[in-house]
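Enquirer: this one's sequence-less:
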């Protein structure tokens with residue numbers, strides 16, 4: 001059974017003095033630094049308590065039993081020690097119990113630590129504004145900060161009035177007279193009259209620079225013969241006018257709040273703000289009338305209720321209605337303000353959204369057509385400059401297959417059987433070179449459906465080995481990618497990997513070369529998308545993707561050539577991009593004598609700089625992503641994935657088959673009639689796809705997508721597909 005341990009054995013006389021000293025040393029001494037806080041070490045514990053690590057203002061101990069049994073026993077134990085339990089306003093259900101004894105407060109909570117063991121937590125609580133509880137008080141609601149006290153006593157009004165007068169004076173309060181109240185609060189009046197009861201006012205002296213507000217004591221006899229007690233801050237001490245603290249959900253919120261919440265936002269069809277204010281109802285009502293009026297809300301007379309116990313007012317605006325409900329509770333005013341868009345307003349919003357969506361997709365279709373046309377012109381111009389002249393093999397080639405003499409940026413991974421490089425020759429010339437060279441070595445080509453001026457796929461086999469070549473126009477050059485078992489070599493030294501001794505030596509040689517200082521073109525000031533050196537070639541290619549209906553791009557791209565060495569161009573861009581707040585990242589950086597690839601974090605999103613060498617010039621490819629705008633366009637793929645965004649510019653349905661999936665695109669998909677363009681997330685890599693239009697043969701092509709990027713695959717009315725990076 002729970003109880004308080006009352007006795008102890010008395011030791012032999014010869015040990016009595018030592019035991020007495022030990023007992024004196026072990027008795028907790030109340031903290032002198034803060035007399036308003038109880039030393040919880042002197043608060044009684046339940047029988048069988050095993051203490052944790054006690055401190056002055058908090059401790060815990062363990063006792064046998066369930067939480068329910070422990071809670072009941074602790075309440076009984078603390079009540080016997082003079083602690084009175086209370087609850088705070090609006091906290092009728094709490095896991096932590098609150099107690100008061102004189103000027104001290106105590107929090108008690110319980111935890112079930114084992115099936116038949118409970119942990120009890122004591123925590124000292126400061127009573128900021130102490131008011132007494134009647135000895136027989138029931139239904140006690142108390143806030144120790146303002147203060148507020150509500151309870152019931154069986155004593156008469158006269159007896160209760162004398163009790164509070166005596167106890168409040170003992171606690172440091174003094175009766176407040178009308179002249180003193182008027183001097184401190186201009187215009188304040190003290191009205192002590194109340195039917196079937198009594199009222200009194202008290203003040204507290206200023207301490208430690210803090211002035212406690214005066215309180216009003218109200219006692220009233222109830223029909224059941226009991227007396228209700230109400231102690232609160234005097235009404236004249238509350239704010240007589242409220243100021244705007246902020247807007248929540250597009251609605252005004254006053255200062256002096258004791259807690260506020262909201263639902264919805266300024267664009268929602270319905271909104272709500274609710275909470276409590278430390279002010280009288282008329283003052284809160286005046287605040288909302290003023291602030292709603294400023295926001296062009298008109299007060300309606302229909303359904304209006306305005307009494308001392310509640311206020312209900314209705315308001316209207318051109319497309320919304322609002323209802324304000326105010327009700328005093330305890331010593332606060334409870335607020336509930338709700339708004340609702342009218343039927344006419346909902347229809348107007350739906351119409352505006354439909355028009356905005358139509359404009360969005362109309363702009364998207366127009367932008368796609370512009371991109372297709374511009375890209376086609378650019379490709380034709382670039383292809384015209386690429387040479388169709390027959391290629392000769394590169395001398396001293398160490399790779400298992402021939403390389404053309406003008407191969408650039410060669411990367412070979414013998415362990416994986418992969419070869420990548422660029423050539424300034426046309427796709428047709430590179431394809432002819434490999435067909436001739438490999439057939440002469442006995443390789444047999446298997447026909448491929450992908451064989452056009454911009455892209456050729458070739459599959460070869462011989463003696464049980466195979467390899468595949470893809471030659472694709474990439475800007476002013478052809479990109480060649482090859483893989484297969486015929487390219488796998490046992491000698492890893494053949495692989496041109498970054499960081500090898502050869503790379504380090506070439507990097508060292510480049511570092512020793514004199515770096516040319518390039519000047520920024522004055523036309524590309526700090527507000528221009530990208531800096532460009534004044535000493536650049538005449539060929540400039542720019543690209544930009546924009547969110548339809550907006551002038552803000554979600555990706556920009558720049559391609560130029562600079563007649564300077566790679567180190568000089570790298571130094572120029574590191575300097576100029578740094579001025580714009582771009583921060584270089586070491587992740588996936590490539591630093592070679594003839595090739596550099598760097599990632600940057602710009603204020604607007606990730607960016608990438610690529611530098612290479614071609615025809616005694618340094619090629620520059622600079623791409624910038626705008627993450628926030630791209631997110632609104634919903635073109636950002638899942639991390640580590642690539643996203644394909646489909647569009648069908650033709651007048652009939654198109655079916656795209658890729659990665660064993662078929663996506664059917666209605667006529668105009670991605671245009672004004674499409675709510676959202678069809679999209680597909682894929683792992684990064686190269687994919688072969690086919691496009692089928694009704695009554696036409698299928699067209700096959702490939703698209704290569706990279707991680708964390710988005711690519712558009714747009715189907716032209718002819719059935720040809722254009723792929724371009726969108727993000």
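Expert: That came through, no problem. The shown structure was predicted, so the numbers you read here are calculated from the model rather than taken from an experiment.

Enquirer: hang on, isn't residue 593 packed against residue 565?
Expert: No. At 10.0 Å, residue 593 does not count as touching residue 565 under the criterion of CB atoms under 8 Å. Bear in mind the C-beta positions are built from the backbone N, C-alpha and C, glycine included.

Enquirer: quick one, phi/psi of the residue positioned nearest the centre of the chain?
Expert: With the centre of the chain defined as its mean C-alpha position, the nearest residue by CA atoms, centre = their mean is residue 628, 12.5 Å away. With angles defined as degrees, to the nearest 10, residue 628 sits at phi -60, psi -40.

Enquirer: for residue 239, same thing?
Expert: Torsion angles, degrees, to the nearest 10, at residue 239: phi -60, psi 140.

Enquirer: do the one 4 residues further on as well
Expert: Listed backbone geometry of residue 243 is phi -110, psi 160, with angles given as degrees, to the nearest 10.

Enquirer: can you count the residues close to it?
Expert: The number of residues packed near residue 243 is 10, by other CB atoms under 10 Å.

Enquirer: which residues does the residue nearest to it when sequence neighbours are not counted contact?
Expert: Nearest residue to residue 243 in three dimensions, chain neighbours excluded: residue 255, at 5.0 Å (CB to CB, 6 or more residues apart in numbering). Taking CB atoms under 8 Å, 6 or more residues apart in numbering as the criterion, residue 255 is in contact with 239, 242, 243, 244, 245.

Enquirer: my read is residue 288 is in a helix, agree?
Expert: Yes. Under DSSP: H, G, I helix; E, B strand; the rest coil, residue 288 falls within a helix.

Enquirer: what sits against it?
Expert: Residues near residue 288 by CB under 8 Å, 6+ apart: 252, 313, 324, 326, 335, 337.

Enquirer: surely residue 236 is in contact with residue 187?
Expert: Yes. Counting by CB under 8 Å, residue 236 touches residue 187, with 7.4 Å between them.

Enquirer: more crowded one of those two?
Expert: Neighbours around residue 236 and residue 187, counted as other CB under 10 Å, are more numerous at residue 236. The numbers are 20 against 8.

Enquirer: wait, a helix at the more buried one?
Expert: Yes. Remark: residue 236 belongs to a helix, assigned using three-state DSSP.

Enquirer: residues contacting it?
Expert: 181, 185, 187, 188, 189.

Enquirer: so which of the residues you listed are in helices?
Expert: With helices identified by DSSP state H, the entries of the contacts of residue 236 that belong to them are residue 181.

Enquirer: report the buried members of the contacts of residue 236.
Expert: Using 16 or more other CB atoms under 10 Å as the burial test, the contacts of residue 236 include 181, 185, 188 as buried.

Enquirer: tell me the one among those nearest to residue 227.
Expert: Nearest to residue 227 among the buried ones among the contacts of residue 236, counting by CB to CB, is residue 181 at 24.9 Å.

Enquirer: okay if I get the buried ones among the contacts of residue 236 as TSV plus pLDDT?
Expert: Written out in TSV, the entries for the buried ones among the contacts of residue 236 read as follows (pLDDT from 0 to 100):
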residue	pLDDT
181	91
185	91
188	88
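
Enquirer: JSON lines please, covering those residues and showing distance to residue 217.
Expert: Below are those laid out as JSON lines (distance: CB to CB, whole Å):
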{"residue": "181", "distance to residue 217": "14"}
{"residue": "185", "distance to residue 217": "17"}
{"residue": "188", "distance to residue 217": "16"}
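
Enquirer: closest to residue 712 among these?
Expert: Out of the buried ones among the contacts of residue 236, the member with the shortest distance to residue 712 (by CB to CB) is residue 185, at 70.1 Å.

Enquirer: that closest one contacts residue 235, correct?
Expert: No. Counting by CB under 8 Å, residue 185 sits too far from residue 235 to count as a contact (9.9 Å).

Enquirer: which residues in the stretch 1-150 of the chain form helices?
Expert: Ranges of helices within the stretch 1-150 of the chain are 16-26, 67-80, based on DSSP state H, counting those that start in this stretch.

Enquirer: where among those is average confidence lowest?
Expert: Mean pLDDT is lowest for helix 16-26 out of these, coming in at a mean of 33.

Enquirer: re the thing from before, could you dump the contacts of residue 236 into JSON lines with distance to residue 293 added?
Expert: As requested, these are exported to JSON lines (distance: CB to CB, whole Å):
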{"residue": "181", "distance to residue 293": "33"}
{"residue": "185", "distance to residue 293": "28"}
{"residue": "187", "distance to residue 293": "25"}
{"residue": "188", "distance to residue 293": "28"}
{"residue": "189", "distance to residue 293": "29"}
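
Enquirer: my read: residue 445 touches residue 458, true?
Expert: Yes. In this structure residue 445 lies within contact range of residue 458 using CB under 8 Å: 5.9 Å.

Enquirer: coming back round to it: any chance of TSV for the contacts of residue 288, columns distance to residue 59 and neighbour count?
Expert: Rendered in TSV, the data for these read as follows (distance: CB to CB, whole Å; neighbours: other CB atoms under 10 Å):
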residue	distance to residue 59	neighbour count
252	46	19
313	52	21
324	48	23
326	44	22
335	41	23
337	45	24
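
Enquirer: now, which of the residues you listed sits nearest residue 118?
Expert: residue 335 (40.5 Å).

Enquirer: about what we covered before: counting neighbours, which of the contacts of residue 255 comes out on top?
Expert: Tallying neighbours with other CB under 10 Å puts residue 242 at the head of these, with 23 neighbours.

Enquirer: surely that residue meets residue 279?
Expert: Yes. Contact status for residue 242 versus residue 279: in contact at 5.9 Å, counting by CB under 8 Å.

Enquirer: overlap in contacts of these two?
Expert: Taking CB under 8 Å, 6+ apart as the contact definition, residue 242 and residue 279 share the neighbouring residues 254, 256.

Enquirer: worst-scoring helix or strand of the protein, pLDDT-wise?
Expert: Lowest by mean pLDDT, DSSP states H and E among the helices and strands of the chain is helix 16-26, with a mean of 33.

Enquirer: which strand or helix spans the residue nearest to residue 444 when sequence neighbours are not counted?
Expert: Spatial nearest neighbour of residue 444, chain neighbours left out: residue 461 (5.7 Å); criterion: CB to CB, 6+ apart. With elements delineated by DSSP states H and E, residue 461 resides in strand 455-462, which encompasses its position.

Enquirer: list the buried residues in the helix or strand just after that strand.
Expert: Towards the C-terminus, the helix or strand next in line after strand 455-462, according to DSSP H and E, is strand 465-474. Neighbour-count burial for strand 465-474, with 16+ other CB under 10 Å as criterion, is recorded at 466, 467, 468, 469, 470, 471, 472, 473.

Enquirer: got the confidence number for the second one?
Expert: If I follow you right, that is residue 467. The confidence metric pLDDT takes the value 91 at residue 467.

Enquirer: and the helices in the stretch 201-350 of the chain?
Expert: The residue ranges that make up the helices of the stretch 201-350 of the chain, judged by DSSP H, counting those that start in this stretch, are 281-294, 343-385.

Enquirer: pull up the overlap in contacts between residue 445 and residue 458.
Expert: Listed as contacting both residue 445 and residue 458 by CB under 8 Å, 6+ apart are residue 435.

Enquirer: ok, the two, which is more surrounded?
Expert: In terms of neighbours (other CB under 10 Å), residue 458 is the more surrounded of residue 445 and residue 458; the figures are 22 against 14.

Enquirer: residue contacts, the more buried one?
Expert: With contact set as CB under 8 Å, 6+ apart, residue 458 has these partners: 431, 434, 435, 445, 448, 468, 469, 470, 471.

Enquirer: now with 7 Å?
Expert: For residue 458, the residues meeting the contact criterion (CB atoms under 7 Å, 6 or more residues apart in numbering) are 431, 434, 435, 445, 448, 469.

Enquirer: what sits up against whatever helix or strand the second one lives in?
Expert: Under DSSP H and E, the secondary-structure element containing residue 434 is helix 427-440. Identification of contacts with helix 427-440 by CB under 7 Å, 6+ apart yields 387-391, 393, 402, 404, 423, 445, 453-456, 458, 460, 469, 471-473, 478, 480.
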